[in-house]
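**Q** Turn this into a model:
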Amino acid sequence: MPRKSILSVNAGSSSVKITFYTYTQTPSVIATAQVSGITAPPAKLKYSVGEKEKKEELKEKVSSGQDAFKLLLDRCINDPDLKDVASPDDLAYICHRVVHGGDFEGAVVINEETYHQLEELEDLAPLHNFSALEIVRLCKKELPNVQSITFFDSSFHKTLPPYVTTYPIDQETAKRNKLRKYGFHGISYSFILRSVAEYLKKPVEKTSLIALHIGSGASICAIKDGRSVDTSMGLTPLAGLPGATRSGDIDPSLVFHYTSEAGKLSPASTKEMHISTAEEILNKKSGWKVLTGTTDFSQIAVENPPSEQHKLAFDILVDRIVGYIGNYFVKLDGQVDGLVFAGGIGEKSALLRKAIVEKTRCLGFAVDSEKNEKGPGEDETVVDITASSKSDERRVFICQTDEQFEMAFNCIQTQGLGKK
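**A** From the prediction side, this is the model:
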């Protein structure tokens with residue numbers, strides 16, 4: 001009997017989400033499950049099969065991404081409602097989202113050689129790759145008969161020109177240590193580009209967008225004729241826009257004025273993850289959480305903010321985003337098919353979208369208030385919220401991005417049914 005499902009795995013620092021898809025030309029969801037709160041116990045489990053949804057607070061100790069993945073796989077395989085995922089033998093592929101791909105320009109099938117190359121990348125991005133590679137290691141050991149494929153957030157940006165990727169530092173040192181702009185959120189941008197191009201009935205290679213992936217981690221990308229030409233994140237996801245706990249762009253010397261311990265290993269550092277105090281401060285102890293006390297942006301993006309700090313955090317994010325939109329509009333020579341909002345906050349916060357579009361009205365962007373407030377329906381991938389259909393008005397979209405699907409879709413196109 002042929003294998004009939006693909007498993008997409010998306011591991012974060014405090015959560016692991018998995019989705020089972022049908023092994024078909026256009027994959028469809030069989031089931032989705034998530035463990036959250038790994039770093040803030042008690043951990044919580046949520047999973048859905050069709051119309052059924054289950055939630056529970058976990059009694060089991062879940063202290064790592066590996067623990068969470070094992071638990072999720074066990075629950076899904078032993079659920080009588082999941083007849084299409086009866087055992088690991090039903091899996092055709094496991095797709096892993098890995099943030100930093102270094103010089104890899106596309107998805108990588110895991111074998112001994114590529115596995116060791118990925119291990120070397122952990123030094124380049126310990127904060128961002130560790131959780132995902134923990135699960136890759138586990139699959140390699142316990143599911144050796146199922147092919148694992150890693151998809152990198154950085155691969156979409158392989159088209160960035162040298163004058164964008166190059167930092168003006170000693171180039172011998174830069175090349176030796178692989179110090180350059182890579183860019184991230186690429187799996188999401190790939191989905192956004194393909195989905196908006198389809199909505200516009202245009203070929204991907206003739207579609208130009210300014211796309212925003214705004215969540216706890218936020219970035220923006222300039223896409224010209226289907227190719228990434230600039231993006232806000234850099235060597236790591238820290239650069240660019242501020243996030244829930246990330247500072248975004250700062251004066252590079254700021255952290256050394258902040259603490260004399262900046263270059264030393266942080267208390268969170270382990271033999272697997274060598275994290276400096278500077279990395280921990282700028283990635284984990286910054287952003288709108290330190291300004292407001294919350295990582296929940298829905299408490300910040302309100303008409304009457306509860307404090308001046310909440311208003312400040314909102315205004316900072318709007319200001320930084322607007323600056324990048326202006327920059328990228330010029331880089332695209334004004335030839336923009338649309339401004340696209342995606343990511344958890346980009347898709348849900350009508351107030352943020354309204355504030356950003358109002359500040360970019362000089363570029364021709366405007367939204368319909370009612371459409372903006374309504375947002376996308378559950379089954380709408382792309383929704384047009386442009387104010388009108390005037391020929392001189394630039395279009396604004398919301399795209400409900402889906403990194404899980406994008407991995408499964410690309411896996412089938414390159415490895416499975418769609419392989420040319």
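**Q** Low-confidence stretches in the stretch 201-350 of the chain?
**A** Regions of the stretch 201-350 of the chain meeting the criterion pLDDT under 70 cover residues 269-274.
**Q** Quick one: the strands in the stretch 51-200 of the chain, in order.
**A** Listed in chain order, the strands found in the stretch 51-200 of the chain under DSSP state E, counting those that start in this stretch are 52-57, 91-98, 108-109, 147-152.
**Q** how is the protein carved up into domains?
**A** Residue ranges for the structural domains of the chain, counted by automatic domain parsing, are given in the record as 5-152, 203-403.
**Q** Could you check how far the last one is from the centre of its chain?
**A** When C-alpha coordinates are averaged (Cα atoms, centre = their mean, to the nearest Å), domain 203-403 and its chain have centres 12 Å apart.
**Q** That one spans what distance, first to last residue?
**A** End-to-end span of domain 203-403 (Cα to Cα, to the nearest Å): 21 Å.
**Q** again, but for the shortest one
**A** End-to-end distance of domain 5-152: 21 Å, with Cα to Cα as the criterion.
**Q** From the chain's centre, how far out is that domain? Work that out for me.
**A** Mean-position distance between domain 5-152 and its chain equals 15 Å (Cα atoms, centre = their mean).
**Q** any idea of the mean pLDDT in that domain?
**A** Domain 5-152 shows a mean pLDDT of 89 in the predicted model.
**Q** Where is the longest helix in the chain?
**A** Identified as the longest helix of the chain according to DSSP state H is helix 308-331.
**Q** got the angle for the helix or strand that that one is followed by vs helix 308-331?
**A** Sequence-wise, the next helix or strand beyond helix 308-331 is strand 338-342, with elements assigned using DSSP states H and E. With axes from the mean of the first three to the mean of the last three Cα atoms, to 10 degrees applied, the angle from strand 338-342 to helix 308-331 works out at 140 degrees.
**Q** looking just at contacts, which helices and strands does strand 338-342 meet?
**A** Secondary-structure packing of strand 338-342 (3 or more Cβ pairs under 8 Å, 6 or more residues apart in numbering; DSSP states H and E): helix 186-200, strand 209-214, strand 396-399. To be clear about C-beta, it is placed using only N, CA and C from the backbone, and glycine gets the same treatment.
**Q** can you list the ones you listed in a markdown table and add mean neighbour count?
**A** Below are these laid out as a markdown table (neighbours: other Cβ atoms under 10 Å):
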| stretch | mean neighbour count |
| --- | --- |
| helix 186-200 | 23 |
| strand 209-214 | 28 |
| strand 396-399 | 25 |
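**Q** got CSV for these, with distance to residue 147 too?
**A** As requested, these are arranged in CSV below (distance: least, Cβ to Cβ, whole Å):
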stretch, distance to residue 147
helix 186-200, 19
strand 209-214, 28
strand 396-399, 30
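**Q** just so I know, which of those lies nearest residue 325?
**A** strand 209-214 (5.8 Å; Cβ to Cβ).
**Q** Show me what that closest one packs onto, helices and strands only.
**A** Using 3+ Cβ pairs under 8 Å, 6+ apart as the test, strand 209-214 ends up in contact with helix 186-200, strand 218-224, helix 308-331, strand 338-342, helix 343-348.
**Q** Who does the fourth one pair with, and is each partner parallel or antiparallel?
**A** Strand 338-342 has these partner strands in its sheet, going by DSSP bridges: strand 209-214 (parallel), strand 396-399 (parallel).
**Q** can you list contacts of that strand?
**A** 188, 192, 196, 200, 209-214, 325, 347, 353, 357, 360, 365, 394-401 (Cβ atoms under 8 Å, 6 or more residues apart in numbering).
**Q** now with 7 Å?
**A** Contacts of strand 338-342 from elsewhere in the structure, counted by Cβ atoms under 7 Å, 6 or more residues apart in numbering, are 188, 192, 196, 209-214, 325, 347, 353, 365, 394-399, 401.
**Q** now swap in the second one and tell me
**A** Residues outside strand 218-224 that contact it (Cβ under 7 Å, 6+ apart) are 184-185, 189, 193, 208-213, 228-233, 240-241, 243, 321, 324, 328, 331-332, 343.
**Q** Show the buried residues in the residues you listed.
**A** Buried subset of the contacts of strand 218-224 (neighbour count, 16 or more other Cβ atoms under 10 Å): 184-185, 189, 193, 208-213, 228-233, 240-241, 243, 321, 324, 328, 332, 343.
**Q** Check what pLDDT residue 420 gets.
**A** For residue 420, the pLDDT comes out at 52.
**Q** Kindly apply the preceding question to residue 388 instead.
**A** Residue 388 is assigned a pLDDT of 77 by the prediction.
**Q** got a list of what residue 81 touches?
**A** For residue 81, the contacting residues are 49, 52, by Cβ under 7 Å, 6+ apart.
**Q** re the thing from before, relative to residue 259, which of the helices and strands packed on strand 209-214 is closest?
**A** Closest approach to residue 259 among the helices and strands packed on strand 209-214 is made by helix 308-331 (21.9 Å; Cβ to Cβ).
**Q** For that closest one, which outside residues touch it?
**A** Contacts of helix 308-331 from elsewhere in the structure, counted by Cβ under 7 Å, 6+ apart, are 210, 212, 220, 222, 229-230, 232, 241-242, 248, 288, 291-292, 300-301, 305, 336, 339, 355-356, 359-360, 363.
**Q** If we use 8 Å, what do you get?
**A** With Cβ under 8 Å, 6+ apart as the contact definition, helix 308-331 has outside contacts at 210, 212, 214, 218, 220-222, 224, 229-230, 232, 240-242, 248-249, 288, 291-292, 299-302, 305, 336, 339, 352, 355-356, 359-360, 363.
**Q** which SS class is residue 261?
**A** Taken by DSSP: H, G, I helix; E, B strand; the rest coil, the conformation at residue 261 corresponds to coil.
**Q** Distance-wise, check residue 131 relative to residue 58.
**A** According to Cβ to Cβ, to the nearest Å, residue 131 and residue 58 sit 18 Å apart.
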